[in-house]
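J.: predicted model and sequence follow; I will ask about them next.
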Amino acid sequence: MKKLIIIISLLITTVTAQAHEFKVSDHGIELKSYDFHGKKDILGMDEGTLYITIANTTDAEIIAWSGTFICDNALGDQVITIGLKDENSNLSVDGESAGSFRKSSFMDDSWSTIATGDSENYNCRLTSIRTAKQTGDQ
C-alpha cells in the first residue's frame, strides 16, 4: 500500500509539472549607474565590490540577464572587463534594480582595478547583453 501511494504521488507530480518556455534576446536592460569600492579581506587581500543599477527597457518582466561590464580609464584604455549574470532578477516592466557583485582581486586585473580605483575616473558600460523573458501562460 505504501509503494502504491508513493507511485501515485510521483505520477501526479510528473503530470502537473510544467515546462517553462523562455525567450532570449540581446537587449532589454540599460545600465543606469555604477560605483565600485574595495576593502581588505580577512587575509589582507584586496576585495572589490561593484554596485550597479539597471533598468528594464522592455514591455515584459525580465527573469534573467547577463552582460559584460566594461570600463575605460581616463586615457581611453580598457581596464575592466567582467562578465555579470543574474539568473533570478525578476525585473518588472519599467522597473529598476540595484545589485552588487563581489570578488577577490587576487590574480584578476579587472577586480584589482575595482578594488583600488575610484569609479569617478572611469567610463563604464554594459555590453553583450542577453535577457530572458517567460513566454506563454504558466
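T.: Happy to help now that I have it.

J.: residue 65: what's it in contact with?
T.: Residue 65 sits next to 28, 29, 54, 85, 86, 89, 91, 129, 130, 131, 132 when contact means CB atoms under 8 Å, 6 or more residues apart in numbering. C-betas here are computed from N, CA, C, even on glycine.

J.: now do 6 Å
T.: Listed by CB atoms under 6 Å, 6 or more residues apart in numbering, the contact partners of residue 65 are 29, 86, 89, 131.

J.: from the contact counts, what lies against the host helix or strand of residue 79?
T.: According to DSSP states H and E, residue 79 maps onto strand 78-86. If contacts are counted by 3 or more CB pairs under 6 Å, 6 or more residues apart in numbering; DSSP states H and E, strand 78-86 sits against strand 64-72, helix 109-116.

J.: so for that strand, mean pLDDT?
T.: Across strand 78-86, pLDDT averages out at 95.

J.: C-terminal to that strand, what's the next element?
T.: strand 96-104.

J.: rewinding a little: lowest average pLDDT across the helices and strands packed on strand 78-86?
T.: Note on those: lowest mean pLDDT is at helix 109-116, with a mean of 91.

J.: residues of the strand holding residue 79 that come out buried?
T.: The neighbour-count check on strand 78-86 (16 or more other CB atoms under 10 Å) flags 79, 80, 82, 84, 86 as buried.

J.: so how far is residue 132 from the closest residue to residue 88 other than its chain neighbours?
T.: Nearest non-adjacent residue to residue 88, counting by CB to CB, 6 or more residues apart in numbering: residue 64, 6.8 Å away. Per CB to CB, to the nearest Å, residue 64 is found 4 Å from residue 132.
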